[in-house]
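Asker: I'll drop the sequence and a predicted model, then ask my questions.
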Amino acid sequence: MKKNNAIIFGILVLIAGLGLLFFAFMPNQAVFTVPIWKWFLAAAIIYWMVKKIVFSKTLANRLSVFLPLALGFMLFESEIGTLAGKGTDFVNNWIVLAAALLMDGAIWIIFRPRAKKFFSEYHSDSHDSVSSGKSGGDGEPVSFKLGSHIYYVDATTQSDVDIINQLGELKIIYQNTDTGDTSEDLCFNLVNQMGETTVYIPKNWHVDLSSDVSMGAVNCRPDSDVTTRTITVRIKNQMGEVNIVSDD
């Protein structure tokens, strides 16, 4: 069994165990009069949702959960209506399904993956690819999702850096800034989606910044009076915050 599937299966087993405990302490609750076939379908919907939220590769796929939620509601509509005192058929299921499809479509439009196109606009294949343990070594961007991370950039070997941060807190720190060919210009491209990214750049570097911001903020520290190197920074920020600060 693959690791991802094992984790999801473990979550489903945990939910089943909690359900048995609930039944042991409160056996008369109406929720346990639900037909067994509905529980099997509910388990499949839970599996689908967890797999989308936890293991999807793109933010759009992670957030497009309205369809499985709608199907879950339709499955248990009669039970929900009975508990709420509204009757067993209190909502038009076709409207619920249409609304879910529209909301998932909106999520895809807003957060559809456009990182590769964004990166290709600012450097050609002749530039250096990202050299990192997190990179596939084929020029693919370095990607961070959820959690807190620190990424170190070697200014002597990484002239071009492509990074994606999704729903996480990321610190990017430039190292070896005074060695090698310090006259060479550098390029840094970032896609920040619902995350917080802080980029630490030497105070005596000139930052040539351009940004595309959707419901977020990009803040950049001012240049010093004398600059010794130029770094071109291109940022696409969606519902997040990016801060470019000095390294001291």
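Answerer: Nice, thanks for sending it over.
Asker: Going by C-alpha atoms from here, please, whenever you check contacts or count neighbours.
Answerer: Fine.
Asker: correct me, but residue 81 touches residue 89?
Answerer: Yes. Using CA atoms under 8 Å, residue 81 is in contact with residue 89, at 6.9 Å.
Asker: Quick one: mean pLDDT for stretch 96-114?
Answerer: Mean pLDDT, stretch 96-114: 79.
Asker: Just the buried residues of it, please?
Answerer: 96-97, 100-101, 103-105, 107-108, 111 (16 or more other CA atoms under 10 Å).
Asker: among these, which are in strands?
Answerer: Counting by DSSP state E, no part of the buried residues of stretch 96-114 is found in strands.
Asker: Extract the residue ranges of this structure that are flagged as low pLDDT.
Answerer: Low-confidence segments of the chain (pLDDT under 70): 1-9, 11-13, 15-33, 36-37, 40, 56-59, 111-139.
Asker: Which residues does the spatially most central residue of the chain form beta bridges with?
Answerer: The centre of the chain sits closest to residue 166, judged by CA atoms, centre = their mean, with a distance of 3.3 Å. Following DSSP bridges, residue 166 is listed with bridge partners residue 145, residue 193.
Asker: can you start the count at 5 instead of 1 from here on
Answerer: Shifting the count to begin at 5 puts that one at residue 170.
Asker: Can you tell me how far it is from residue 89?
Answerer: Shown here: residue 170 relative to residue 89, a distance of 41 Å by CA to CA, to the nearest Å.
Asker: go on, residue 68?
Answerer: Look at residue 68 and residue 89: by CA to CA, they are 30 Å apart.
Asker: which of the two has more neighbours?
Answerer: residue 68 (22 against 10; other CA atoms under 10 Å).
Asker: what sits against the closest residue to that one other than its chain neighbours?
Answerer: Residue nearest to residue 68 in three dimensions, not counting chain neighbours: residue 108, with 4.8 Å by CA to CA, 6 or more residues apart in numbering. Residue 108 is in contact with 67-71, counting by CA atoms under 8 Å, 6 or more residues apart in numbering.
Asker: Show me which of those residues are buried.
Answerer: 67-71.
Asker: which stretches of the chain form strands?
Answerer: Counting by DSSP E, the segments of the chain that form strands are 146-149, 152-158, 164-170, 173-179, 190-197, 200-205, 209-218, 221-224, 233-242, 245-250.
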